[in-house]
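**Student:** Let me see the structure of the following:
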Amino acid sequence: MNSTRLQLFLFLQMTLFFTTMSIAEAAPANSKLFREYIGAEGVGVTFSDVPIDSRVEFHFILSFAIDYTTSSRPKPTNGNFNVFWDTENLSPSHVSAIKASHRNVKVALSLGGDTVAGKPANFTPTSINSWVRNAIASIVQITKEYKLDGIDIDYEHFNTDPNTFAECIGRLFFYLKQNKVVSFTSIAPYDDDSVQPYYLALWRKYGNLIDYVNFQFYAYEKGTSITQFMKYFGTQSSNYKGGKVLVSFGTDNSGGLSPENGFFEACARLKNQGKLHGIFIWSADDSKKAHFRYEKQSQSLLAT
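**Tutor:** Residues are numbered from 1 along each chain as shown. You can find the predicted model right below:
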């Protein structure tokens, strides 16, 4: 499909879509969704290493596909995505095997991430139309090769304005969903003035295309208390009103409310309020050394 035809297709389809759907409906009550990022740190972790409770809906999120070259000095490619996760241990055959052995497992890929070759992975589109065109082609190819179910957005550095980001990602989401390339989408914002405005712009314009908000609560300060966490959750639920805001923690010694300091107690409170839409962890790579103890605890809490 050439550039002009693609632009016309997206415009006509999006016009129809937004006239027949309302903006993000109210999020449902408690969920049994557990999600985990995997593959970013090259430590040899595999899908089968991670304990999977059959009572939950389990999403692995491959980290990351990045629109940079794979050379020793990576450069932006304007939407032509390449795979940067651990492909030796997380290959297409591994995806097929884990989904075949666990019917409750789905696998997604995440775009962007914090760094590439030790430097910021910047969102650097040349133009909205050209980025979307390239992104559609490359993401469709990766998704089909790996037989993936969903897509997540985790850009944390930007060489553009919030509206351009919103249009690029929104149009990509729209195409992938309309053409049934993926069945679910998510975004992974955190509370920083250099990051959150981009995701809020995307949410305002395309919130009804976003199934989950993987909010990085571990980006808050270390030593966060339960009371502070509950306040943060309320604030972000208001920011992404109507969305399924998932709670989270990191097993990489990052910040936020840790399991040791009451994360699961906070989850129990949210569950009692009908507000626990799911839990995600960053990341399986870091959890491996502790034998995934908190993955087991998270899934048990969600399942009971």
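
**Student:** Let me see the ranges of the helices in the stretch 1-150 of the chain.
**Tutor:** Along the stretch 1-150 of the chain, counting by DSSP state H, counting those that start in this stretch, helices occupy 3-20, 92-101, 128-146.

**Student:** Mean pLDDT lowest where, among the ones you listed?
**Tutor:** The weakest mean pLDDT among the helices of the stretch 1-150 of the chain belongs to helix 3-20, with a mean of 58.

**Student:** Tell me which helix or strand in the protein has the weakest average pLDDT.
**Tutor:** Across the helices and strands of the chain, mean pLDDT, DSSP states H and E gives its lowest value to helix 3-20, namely a mean of 58.

**Student:** In the chain, where is pLDDT below threshold?
**Tutor:** Along the chain, segments meeting pLDDT under 70 span 1-28.

**Student:** Can you tell me how far the residue nearest to residue 38 when sequence neighbours are not counted is from residue 46?
**Tutor:** In this structure, residue 38 finds its nearest non-sequential neighbour in residue 284, 4.1 Å apart by Cβ to Cβ, 6 or more residues apart in numbering. For every residue, glycine as well, the C-beta is placed using N, CA and C. Distance of residue 284 to residue 46, given as Cβ to Cβ, to the nearest Å: 9 Å.

**Student:** who has more neighbours, these two?
**Tutor:** Between residue 284 and residue 46, counted using other Cβ atoms under 10 Å, residue 284 has the larger neighbour count: 26 against 18.

**Student:** I'd guessed the more buried one sits against residue 40; true?
**Tutor:** No - using Cβ atoms under 8 Å, residue 284 makes no contact with residue 40, being 9.2 Å away.

**Student:** how about the closest residue to residue 89 other than its chain neighbours, phi and psi?
**Tutor:** Nearest non-adjacent residue to residue 89, counting by Cβ to Cβ, 6+ apart: residue 46, 4.9 Å away. Main-chain torsions, residue 46, degrees, to the nearest 10: phi -120, psi 160.

**Student:** Contacts only, for residue 46.
**Tutor:** By Cβ atoms under 8 Å, 6 or more residues apart in numbering, residue 46 lies in contact with 89, 90, 94.

**Student:** Now do the contacts for the last one.
**Tutor:** Residue 94 makes contact with 46, 47, according to Cβ under 8 Å, 6+ apart.

**Student:** Now do the closest residue to residue 149 other than its chain neighbours against residue 182, distance only.
**Tutor:** Excluding the flanking residues, the one nearest residue 149 by Cβ to Cβ, 6+ apart is residue 106, at 4.1 Å. The gap separating residue 106 from residue 182 is 10 Å, by Cβ to Cβ.

**Student:** hey, what's in contact with both of the two?
**Tutor:** Joint contacts of residue 106 and residue 182 (Cβ under 8 Å, 6+ apart) are 149, 150.

**Student:** can you pull out the strands in the stretch 151-300 of the chain?
**Tutor:** Here the stretch 151-300 of the chain has its strands, by DSSP state E, counting those that start in this stretch, at 157-158, 184-187, 212-214, 245-250, 279-282.

**Student:** Tabulate those strands in CSV, adding columns for distance to residue 223 and mean neighbour count.
**Tutor:** Compiled in CSV, these are given as follows (distance: least, Cβ to Cβ, whole Å; neighbours: other Cβ atoms under 10 Å):
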stretch, distance to residue 223, mean neighbour count
strand 157-158, 26, 18
strand 184-187, 27, 22
strand 212-214, 22, 25
strand 245-250, 13, 24
strand 279-282, 18, 26
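
**Student:** can I get those in a markdown table with distance to residue 267?
**Tutor:** Output for the strands of the stretch 151-300 of the chain, formatted as a markdown table (distance: least, Cβ to Cβ, whole Å):
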| stretch | distance to residue 267 |
| --- | --- |
| strand 157-158 | 30 |
| strand 184-187 | 19 |
| strand 212-214 | 15 |
| strand 245-250 | 6 |
| strand 279-282 | 7 |
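
**Student:** right, and these - which one's nearest residue 238?
**Tutor:** Checking the strands of the stretch 151-300 of the chain against residue 238 by Cβ to Cβ gives strand 245-250 as the closest, at 9.6 Å.
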